[in-house]
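Participant: Model the structure of this input:
(2 chains)
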Amino acid sequence: SAVISQKPSRDICQRGTSLTIQCQVDSQVTMMFWYRQQPGQSLTLIATANQGSEATYESGFVIDKFPISRPNLTFSTLTVSNMSPEDSSIYLCSARTGVRNSPLHFGNGTRLTVT
Amino acid sequence: DAKTTQPPSMDCAEGRAANLPCNHSTISGNEYVYWYRQIHSQGPQYIIHGLKNNETNEMASLIITEDRKSSTLILPHATLRDTAVYYCIVRGGDNAGNNRKLIWGLGTSLAVNP
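Facilitator: Here you go, the predicted model:
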């Protein structure tokens, strides 16, 4: 199974600023995803990070607010732009290895607080 | 993707088996059942998945009913470290083999008590 490392693990940011979260996988993976988990809630998919092309965003999420990069098969970044307190959440990177129907693996998340 | 229904919370005594149910009555033929858990302040951890046969690994067993409309995750000897939120999810790929997004509910909060 893939080991996924996220940085930073937590941060406190001022409104109006941006934060870039890094996700590193210890092996090449076919698909990488970014999720958000708001306090007391379940996981919501933000986007699929596509290697070498633009990310695929879910309804309610836009590239200007959450730009994503995926320069290779082991690394991705998510930027939370122009932050507001409503962006306070846990952001999770996940990845799938191997064939169809293989399970997702997750990093430990980035706990973001916007003041 | 099929939706799942899980009890919001359960308790289990340490050392006893924890049996976590999940209903997925609208599951379709090519959809797998996946179980994950999330320990406080950590990312979700994959536990086990299956299509129609019962599965067992070093963490747990998965029992899927014959009609596939429900399943049970069994932790044979629960420990305090098994206290977590357990998520049951069903998902299958489309004919092109592309990934369908997982739909996460609120899961079952399992408390293992000493």
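
Participant: in what helix or strand does the spatially most central residue of chain B lie?
Facilitator: Closest to where the C-alpha atoms of chain B average out (Cα atoms, centre = their mean) is B:W35, at 3.0 Å. Using DSSP states H and E, B:W35 maps to strand B:32-38.

Participant: before we move on, back to that, in contact with the residue nearest to the centre of chain B, which residues are there?
Facilitator: Listed by Cβ atoms under 8 Å, 6 or more residues apart in numbering or on different chains, the contact set of B:W35 reads B:20, B:22, B:46-49, B:60, B:62, B:73, B:86-89. Using the backbone N, CA and C atoms, a C-beta is placed for each residue, glycine as well.

Participant: cutoff 6 Å now
Facilitator: Going by Cβ atoms under 6 Å, 6 or more residues apart in numbering or on different chains, B:W35 touches B:47-48, B:73, B:88.

Participant: how much space between it and B:G43?
Facilitator: 15 Å (Cβ to Cβ, to the nearest Å).

Participant: for A:V114, same thing?
Facilitator: 21 Å.

Participant: what separates stretch A:67-85 from the chain centre, distance-wise?
Facilitator: Here the centre of mass of C-alpha atoms in stretch A:67-85, compared against the chain's by Cα atoms, centre = their mean, to the nearest Å, lies 6 Å away.

Participant: Roughly how far does A:V114 sit from A:P39?
Facilitator: With Cβ to Cβ as the criterion, A:V114 and A:P39 are 13 Å apart.

Participant: Excluding chain neighbours, what is closest to A:P8?
Facilitator: The shortest distance from A:P8 to any non-neighbouring residue, by Cβ to Cβ, 6 or more residues apart in numbering or on different chains, is to A:T110 (6.0 Å).

Participant: Can you pull the phi/psi pair for that neighbour?
Facilitator: Backbone geometry at A:T110, expressed as degrees, to the nearest 10, gives phi -120, psi 120.

Participant: Strands of the chain, start to end?
Facilitator: No chain was given, so I picked chain A. Along chain A, the segments classed as strands by DSSP state E run A:4-7, A:10-13, A:19-25, A:31-37, A:43-49, A:56-57, A:68-72, A:75-80, A:89-96, A:104-106, A:110-114.

Participant: my bad, chain B
Facilitator: So, for chain B - with DSSP E - the strands run B:9-13, B:18-23, B:32-38, B:45-50, B:55-56, B:61-64, B:70-75, B:84-91, B:108-113.

Participant: The last one near chain A anywhere?
Facilitator: No: Strand B:108-113 stays out of contact with chain A when judged by Cβ under 6 Å from any Cβ of the partner chain, the minimum separation being 11.0 Å.

Participant: got it, and the shortest one?
Facilitator: No: using Cβ under 6 Å from any Cβ, strand B:55-56 never reaches chain A; the gap is at least 11.9 Å.
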